[in-house]
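A.B. asks: Quick one, fold the following:
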Amino acid sequence: MLRATAGRGRAELVERIGPSRTQEPAQRLGVYADAYFLRLRGVLAEDFPRLAALVGEEGFDRLARAYLK
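C.D. replies: Predicted structure coming up:
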């Protein structure tokens, strides 16, 4: 679910990250990219609780992704 980086930039980052005992470099990068998005999404939900309630979990997720892109 890596969306924070794409294309060549993503490939360059993956090349710089070593594997761990349990994850490949792309998976490790994905953890940080997803965590960063989720933190920003949480902040937006706190700032706009009525909107989040109105559009629901999935709707707010789509809005947050579009806004952050």
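
A.B. asks: in which helix or strand would I find the most far-flung residue of the chain relative to its centre?
C.D. replies: Residue farthest from the centre of the chain, counting by CA atoms, centre = their mean, is Arg21 at 23.0 Å. Of the helices and strands defined by DSSP states H and E, none includes Arg21.

A.B. asks: what's the answer for the one 5 residues further on, then?
C.D. replies: Under DSSP H and E, the secondary-structure element containing Ala26 is helix 25-47.

A.B. asks: That helix packs against which elements?
C.D. replies: With contacts taken as 3 or more CB pairs under 8 Å, 6 or more residues apart in numbering; DSSP states H and E, helix 25-47 sits against helix 7-16, helix 49-68. All C-beta atoms are positioned from the backbone trio N, CA, C, and that covers glycine.

A.B. asks: Minimum distance to Ala33: which of those has it?
C.D. replies: Nearest to Ala33, of all these, is helix 7-16, at 9.1 Å by CB to CB.

A.B. asks: Could you tell me the angle between that closest one and helix 25-47?
C.D. replies: Going by axes from the mean of the first three to the mean of the last three CA atoms, to 10 degrees, helix 7-16 is angled at 120 degrees with respect to helix 25-47.
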